[in-house]
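[1] Got a predicted structure plus its sequence, pasted below:
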Amino acid sequence: MMKLTVIPGDGIGPEIMAQVVRVLKHVHAPFEYEEHQAGEVALNSLGELLPQTTIDSINKTKLAIKGPTTTPVGGGHKSINVTMRQKFDLYANVRPVRSLPGVQCVCSDVDLTIVRENTEDLYAGIERMVDEDTAESIKRITRKGSERIARYAYDLAQKTGKPRMAIVHKANIMKLSDGLFLKVAQEVGWQYPEITTKDVIVDNACMQLVTKPQQFDVIVTENLYGDILSDLCAGLVGGLGVVPGANIGANHAIFEAVHGSAPDIAGQNKANPTALLQSAVMMLQHVGENAKADAIMKALIAALSDVNARTGDLGGKGTTVSFTDAIIQRLGH
Ligand code: NAD
């Protein structure tokens, strides 16, 4: 058994997390669950958005599933996700993007994964005012950072049997920084002869993703481009409400839904657990429980196809609990 830190979060978080844990228990996922708080609920009860007890738990279990958390307005609180990324050096942001039945979308046959470098680039926060009318941001790209994200992406492609890698960059303009990223990623790619690599300039990648997303299996890219492309791709398959995500480091991994805490529907048994459940599927794949991951995904897709089962946000008649019942029913015993 593996210890798993469960962070229900705020708003609809506890409702959808309860249902996801129910599904995990139904398939006998090999976890011992340790529940901890983060977000507004933690701020109100323990005085901190990300309490030390939650950090200690993740340090110990090295594996966490997190519901959405509400960001308090004002007060200068540091983002929970940024804090966790820095504390656990979660260098890979992984976003699988897949069209699902019953989910209205621009494109019905998308199945790709974006692997975004999570620690460098313009997001490293190296900024200064040169004078009162001039600001500078430093784009920092290192061989180490580029190599580990490329290796993660190629390993993922290999493990999941995806034969096509696209390295997305702007090395034609930023010849040193993006040039280094591209060169290092290509060098890593040479070690995976069964995977075909192409490099795509980021503006062309946007156009290709909107017009012909089926040509992509795995995309590896820098932090800023990855941030933008991840949401563009989520838009292709029905929006941020249905896509899962993971932040992964050398020693720790945190899986979460990408959507927010939806305070407008919290406590009403209306929330759709699809995104968080898909994050749980990613987590099972991450720990090598592929059969259980496949079984849940198959049951989820079958339940989504049924208008009586799926939740109201997808035009269905189901509730958070009844939709989960439908998934569990399709999983069998
Ligand atoms: P939101 O994603 O919470 O809600 C946007 C709309 O989508 C709402 O109408 C909501 O009802 C709907 N929605 C979202 N998830 C749904 C689900 N699972 N099922 C059915 N409907 C769903 O975005 P927001 O309103 O901008 O943000 C609310 C709070 O969440 C804010 O405090 C924000 O900072 C926080 N937030 C947290 C995360 C995170 O923890 N990863 C991400 C985004 C926003």
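    Looks like it came in fine.
[2] Please list the residues of the stretch 201-333 of the chain that sit near the ligand.
    Counting by CB under 6 Å from any ligand atom, the positions of the stretch 201-333 of the chain adjacent to the ligand are 241, 256, 259-265, 271-272, 275, 313. All C-beta atoms are positioned from the backbone trio N, CA, C, and that covers glycine.
[3] The ligand: which of these is nearest?
    G260 (2.5 Å; CB to the nearest ligand atom).
[4] Report the buried residues of stretch 265-282.
    Judged by neighbour count (16 or more other CB atoms under 10 Å), stretch 265-282 contains these buried residues: 265-266, 270-282.
[5] Cross the residues of the stretch 201-333 of the chain next to the ligand against helices and list the overlap.
    Among those, the residues falling in helices (DSSP state H) are A275.
[6] Could you export the residues of the stretch 201-333 of the chain next to the ligand as a markdown table, including pLDDT?
    As requested, those are exported to a markdown table (pLDDT from 0 to 100):
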| residue | pLDDT |
| --- | --- |
| G241 | 84 |
| E256 | 95 |
| H259 | 93 |
| G260 | 93 |
| S261 | 95 |
| A262 | 95 |
| P263 | 95 |
| D264 | 95 |
| I265 | 96 |
| A271 | 97 |
| N272 | 96 |
| A275 | 97 |
| D313 | 93 |
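[7] Count the residues that sit near V200.
    V200 has 19 neighbouring residues, counting by other CB atoms under 10 Å.
[8] which residues sit against the helix or strand harbouring D231?
    Taking DSSP states H and E as the definition, D231 sits inside helix 223-236. Helix 223-236 is contacted by residues 93, 95, 97, 99, 105-107, 110, 112, 114-123, 168-170, 202, 205-206, 209-210, 213, 219, 221, 240, 242-243, 245, 258 when judged by CB atoms under 8 Å, 6 or more residues apart in numbering.
[9] ditto for stretch 135-151
    Where contact means CB under 8 Å, 6+ apart, the residues beyond stretch 135-151 that reach it are 91-92, 115-122, 124, 126-130, 167, 174, 177-178, 180-181, 184-185, 187-189, 220, 222, 250.
[10] Sort out for me which of those residues are in helices.
    Per DSSP H, the subset of the contacts of stretch 135-151 in helices is S177, D178, L180, F181, V184, A185, E187, V188, G189.
[11] ok, and the most crowded of those?
    Comparing these on neighbour count, F181 comes out first with 31 neighbours (neighbours: other CB under 10 Å).
[12] Give the closest residue to that one in space, chain neighbours not counted.
    Residue nearest to F181 in three dimensions, not counting chain neighbours: S146, with 4.7 Å by CB to CB, 6 or more residues apart in numbering.
[13] sorry, back to before: tell me which two in the residues of the stretch 201-333 of the chain next to the ligand are the farthest apart.
    Of all pairs drawn from those, the widest gap by CB to CB lies between E256 and D264 and measures 19.9 Å.
[14] out of these two, which sits in the more crowded spot?
    E256 (25 against 9).
[15] need the contact list for the more buried one.
    Contact partners of E256, counting by CB under 8 Å, 6+ apart, are I65, K66, G67, P68, P244, G245, A246, N247, L276, S279.
[16] wait, which of those is closest to the ligand?
    The nearest member of those to the ligand, counting by CB to the nearest ligand atom, is P68 at 3.9 Å.
[17] Much appreciated, bye for now.
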